[in-house]
Structure formats: structure tokens, C-alpha cells
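# what would the 3D arrangement of this be:
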Amino acid sequence: PLAQRHGGFERVIFGKTAHACEGSPNPWIGKPLVLLMFRRVDFTLRRVNVTPMTLHNRYPAISDLKARAKRRIPHFVWEYLDSATGVEATQRRNRAALERVLLNPSILHGEFEPDLSVRLLGQEHPLPVGIAPVGMSGLIWPGAEQMLARTAAKKSIPYTLSTVASQLPEDVGPHAGDNAWFQLYPPRDPGIRDDILGRAKAAGFGTLVLTVDVPVASRRERQTRGGLTNPPKLTPRLALQAAQCPAWRNGIRKTGMPRMRLMDSYSDIKGALPSTQHIGYLLRTSPDWDYFKSLREVWDGPLIVKGVCRPDDAARLTDEGADAIWVSNHAGRQFDGGPATIETLPAVRAATNLPVIFDSGIEGGLDVLRALSLGADFVMLGRAFHYGLGALGERGAAHVLDILRQDMISNMGQLGAKTLKNLSDCLRTTQ
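Next up is the predicted model:
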């Protein structure tokens with residue numbers, strides 16, 4: 001029988017082999033000749049069940065989403081999202097150091113479904129991952145802040161809104177549910193600081209994240225070469241790039257060109273500024289320990305400090321009243337001469353009994369497990385979720401979580417780790 005399957009054919013059987021008959025006028029008389037003896041050919045096509053093309057078939061990894069997003073986002077925006085600072089050595093070290101963390105597989109554990117749930121700052125989450133703050137998300141993909149907030153609410157994971165987001169806390173908070181975090185770049189003026197905190201709290205953001213690893217603006221040379229300003233201004237060169245990305249362009253037409261709306265609330269500065277000297281930089285200060293103490297006094301919810309890489313800083317923050325330590329080197333966007341974040345994690349873990357959050361370099365569920373095995377309690381991702389948005393819109397953000405979940409389940413099965421707490425027993429070495 002002849003059957004059509006996926007555009008090809010399955011099992012074609014036409015006949016049997018034979019030799020030519022003696023006495024034939026054929027010049028091949030007396031020589032072996034292979035013939036196909038056809039009996040009957042049935043060209044009836046039967047229905048074949050074809051596996052539907054799902055997102056996991058087309059985009060099984062975050063790298064697949066990244067590749068599609070790069071084609072759909074204008075080049076100057078991509079350079080903002082994907083770049084670091086200097087020669088981007090720290091960004092490469094983040095990745096290389098994660099790959100040096102090896103875990104030992106274990107056998108004969110029978111069938112089990114790993115428990116991926118975790119409790120952090122009094123909240124239960126089905127996965128040990130959340131959405132990190134990214135400034136001007138709405139530039140990367142129109143409507144990004146609300147899309148990410150809704151995704152986080154549906155999946156019961158934290159979403160962190162940046163001080164320099166393109167949307168106001170009042171417009172994003174209602175979408176984020178009970179896991180809304182607000183990231184603060186510390187304003188110089190205490191009055192502005194307190195007003196921002198009040199607005200964030202009223203909008204439903206119950207956890208505050210103080211970023212401390214941006215004492216001054218970084219160079220971000222690749223981003224600068226891309227031509228981005230704040231607010232963005234489409235020069236002829238950038239307009240041509242935008243014209244080549246119709247989905248992004250049409251979305252911006254609906255939402256308007258993004259601005260740092262929260263910062264605009266406190267400034268009369270007009271006109272476009274360089275992307276590394278925007279209004280957010282002009283209003284913020286480089287905080288010290290007194291600033292942290294003052295902030296601790298005025299904020300009555302959980303307070304996380306982001307950008308910690310040294311154990312002595314972690315120990316003092318524990319004594320001064322922080323509620324969690326966020327180990328991060330800003331994904332290599334601030335300083336190009338430091339160690340990989342994963343290399344600093346064990347010492348920070350040993351210096352505090354507070355929850356430890358980790359970011360930088362994460363590209364899949366296995367990387368999440370690596371960080372957890374070295375002492376992190378929770379892992380945050382920023383770029384990955386924006387790759388998802390750029391590739392597939394709002395469903396792309398949800399697909400990132402599905403990729404991470406499936407990857408963690410698969411790898412925990414190999415490790416014989418039934419819970420996240422078992423991962424430290426699987427650590428083999430960091431080469």
C-alpha cells in the first residue's frame with residue numbers, strides 16, 4: 001500500500017525481483033537482469049495523524065526566541081536590549097562561568113514529578129523564577145510592562161517594574177496581582193523618593209528592590225553606537241530600521257513613542273538626551289549606608305538590595321535590616337572588569353541567612369538549577385522574557401516560563417532531585 005505522510009511516502013512495495021527468460025531477443029540474454037514485477041499499485045491515500053505544530057516544536061529553547069526577536073526588533077532597540085558595557089567581557093564571563101558548574105546525575109530513583117515550588121518573602125511560587133526589572137521595556141516591545149505583569153500574575157511569580165519603565169506604576173500595578181515588586185533607582189531628593197514610594201505602594205507594589213550597582217552611568221558603547229536617545233527620536237537611520245520591523249512599528253503607533261513617564265513626573269527637562277545620560281540619571285544619586293538606613297525607615301514592606309557581589313556587603317546589609325540579598329552584576333552592563341555573578345554567589349550565600357536572589361547569564365532551566373545548587377533561593381531573568389515578547393508578543397513571555405519549567409523537570413529527573421533543596425547534593429564541581 002502507498003500512504004502519504006508528512007509530504008513523503010511510507011512503505012512502498014511494488015513487487016519482486018526476477019531474472020530474464022532464456023531465449024529472449026534481448027541483448028542481455030544469459031546475463032543477470034533485475035526487473036521489478038508489478039502486481040498492483042493502490043494509490044488510495046489514507047489519513048495520517050500529524051502532531052500539531054506547537055510553540056515547543058518551533059521554539060524549544062530561549063535561544064530560538066532570541067533569534068526570532070532579533071528579526072522583529074529594530075537594530076537600535078536590539079543593541080539596547082542585548083548589549084553590555086566595554087568589550088562585554090563580563091557578559092561573556094557570566095555565561096562561561098555558569099557552564100563550568102557541573103552537577104552529578106543520579107540513578108534508580110523511580111518515577112517522580114519534581115516539586116519546583118518555593119516560598120520567598122512570605123509568598124508561595126510554583127517556580128523558583130521571576131521577572132527582573134528592565135528599563136524602558138515598552139521600547140523593546142510595545143505594551144511590554146503590562147504584558148509581563150499579566151503573565152506574572154497568571155503564573156504566580158514576581159514581576160519587577162523599573163523606576164525608568166515606560167509606564168507608570170498606577171498603570172501597571174493592577175495587572176501584576178499579589179507579586180508586584182518595584183525597583184528603585186534612588187532619587188537624590190527625599191521628597192521625590194517618598195512620593196515615588198507612596199505611588200508604588202498605592203498601586204499595589206508591596207516589595208521594594210533597591211538597585212545599588214549603578215553609582216555612576218556606565219559607558220555602554222555598543223548601545224551608544226546604536227543611536228538610541230531618551231526619549232527615543234527616530235532619525236532617518238533609525239526610522240529605516242523601524243520600517244523593516246512592521247509588528248514593532250505598528251505597536252508603537254498604538255502606544256506612542258515610549259518615555260520614562262515616572263521620571264518625567266518630576267522634571268521639566270525637554271528634548272532628547274543620550275541613552276546613558278537620561279532623566280533617570282539626572283534625578284538619582286549614588287546611595288550610601290545612611291541612605292539605605294533612611295529608606296529602611298520609610299518603607300514598611302520587604303526590602304531587597306540588588307547588585308551585591310561581596311560577602312562583607314551582604315553581611316552588613318543583613319545587620320542593617322535588608323530582607324533579601326540580590327546577587328547581580330547588572331548582566332555586565334555596568335562594569336566590565338568584575339567576576340561572573342555565579343562565581344560570587346557561594347561567598348555571599350555563606351555570609352547571610354537572608355534569602356538570596358540571583359541573576360545574570362541565565363539561558364535555560366539548567367542554569368537555574370546551577371544557581372540554586374550554589375545557594376541561591378530564587379532566580380530572576382530580564383532579557384529572556386523580552387526575547388519572548390519580541391518573538392511572540394505576550395504569549396512569548398508565558399512560553400519562556402514553559403521552557404524553563406520543562407527544562408528544570410527534565411534535568412531534575414536526570415539528577416534524581418525530587419525537590420529544589422536536593423540540588424546542593426548534586427553539585428559536582430565548579431571547574
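# give me the distance between the two termini of stretch 99-110.
End-to-end distance for stretch 99-110, by Cα to Cα, to the nearest Å: 28 Å.
# check which residues of that stretch are buried.
Neighbour counts over stretch 99-110 (16 or more other Cβ atoms under 10 Å) mark 101, 103 as buried. Placement of C-beta: from N, CA and C, glycine included.
# chain center to it, what's the gap?
Put simply, stretch 99-110 sits 24 Å off its chain's centre (Cα atoms, centre = their mean, to the nearest Å).
# equivalent analysis for stretch 402-410, please.
Mean C-alpha position of stretch 402-410 versus that of the full chain (Cα atoms, centre = their mean) differs by 14 Å.
# can I get the CA coordinates of that stretch in PDB?
Output of stretch 402-410 as PDB, limited to C-alpha atoms (Å, rounded to 0.1, in the frame of the first residue of the first chain):
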ATOM      1  CA  ASP A 402       7.100  26.900  30.000                       C
ATOM      2  CA  ILE A 403      10.600  26.400  28.600                       C
ATOM      3  CA  LEU A 404      12.200  26.900  32.000                       C
ATOM      4  CA  ARG A 405       9.700  24.600  33.700                       C
ATOM      5  CA  GLN A 406      10.200  21.700  31.200                       C
ATOM      6  CA  ASP A 407      14.000  22.200  31.300                       C
ATOM      7  CA  MET A 408      14.100  22.000  35.100                       C
ATOM      8  CA  ILE A 409      11.800  19.000  35.200                       C
ATOM      9  CA  SER A 410      13.900  17.100  32.700                       C
END
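# what does that stretch rub up against?
The contact list for stretch 402-410 (Cβ atoms under 8 Å, 6 or more residues apart in numbering) reads 55-56, 59-62, 113-114, 116, 127, 129, 364-366, 368-369, 381.
# so which of these sit within helices?
55-56, 62, 365-366, 368-369 (DSSP state H).
# between these, which has the most around it?
residue 368 (27 neighbours; other Cβ atoms under 10 Å).
# mind checking pLDDT for the closest residue to that residue other than its chain neighbours?
Once flanking residues are discounted, residue 368 sits nearest to residue 379: 4.8 Å by Cβ to Cβ, 6 or more residues apart in numbering. With respect to pLDDT, residue 379 scores 98.
# look up phi and psi at residue 379.
With angles defined as degrees, to the nearest 10, residue 379 sits at phi -130, psi 140.
# just list the residues touching it, thanks.
Contacts of residue 379 were listed using Cβ under 8 Å, 6+ apart, and they are 128-130, 357-359, 362, 367-368, 371-372.
# residue 184: which of those is nearest?
Closest approach to residue 184 among those (Cβ to Cβ): residue 357, at 15.5 Å.
# ramachandran coordinates for that closest one?
Main-chain dihedrals, residue 357, degrees, to the nearest 10: phi -110, psi 150.
# what sits against residue 212?
Neighbour list for residue 212: 287, 292, 305-308 [criterion: Cβ under 8 Å, 6+ apart].
# surely residue 135 touches residue 164?
Yes: with contact defined as Cβ atoms under 8 Å, residue 135 counts as touching residue 164 (4.0 Å).
# contacting residues for the residue minimising distance to the centre of the chain?
Nearest residue to the geometric centre of the chain (Cα atoms, centre = their mean): residue 384, 2.1 Å. Contact analysis of residue 384 by Cβ under 8 Å, 6+ apart lists 62, 65, 362-363, 400.
# with just CA atoms, put stretch 353-373 into CSV.
Only the C-alpha atoms of stretch 353-373 are listed here, as CSV (Å, rounded to 0.1, in the frame of the first residue of the first chain):
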residue,chain,number,x,y,z
ASN,A,353,21.0,33.9,56.4
LEU,A,354,18.6,36.0,54.3
PRO,A,355,17.0,34.8,51.1
VAL,A,356,19.5,35.1,48.2
ILE,A,357,18.2,36.0,44.7
PHE,A,358,20.4,35.5,41.6
ASP,A,359,20.6,36.9,38.1
SER,A,360,23.0,37.3,35.1
GLY,A,361,23.7,34.9,32.3
ILE,A,362,20.7,32.6,32.7
GLU,A,363,19.7,31.0,29.4
GLY,A,364,17.7,28.0,30.5
GLY,A,365,16.3,25.8,33.3
LEU,A,366,19.6,24.0,33.8
ASP,A,367,21.2,27.4,34.6
VAL,A,368,18.5,28.0,37.2
LEU,A,369,19.4,24.7,38.8
ARG,A,370,23.1,25.6,38.8
ALA,A,371,22.4,28.8,40.7
LEU,A,372,20.1,27.0,43.2
SER,A,373,22.8,24.3,43.8
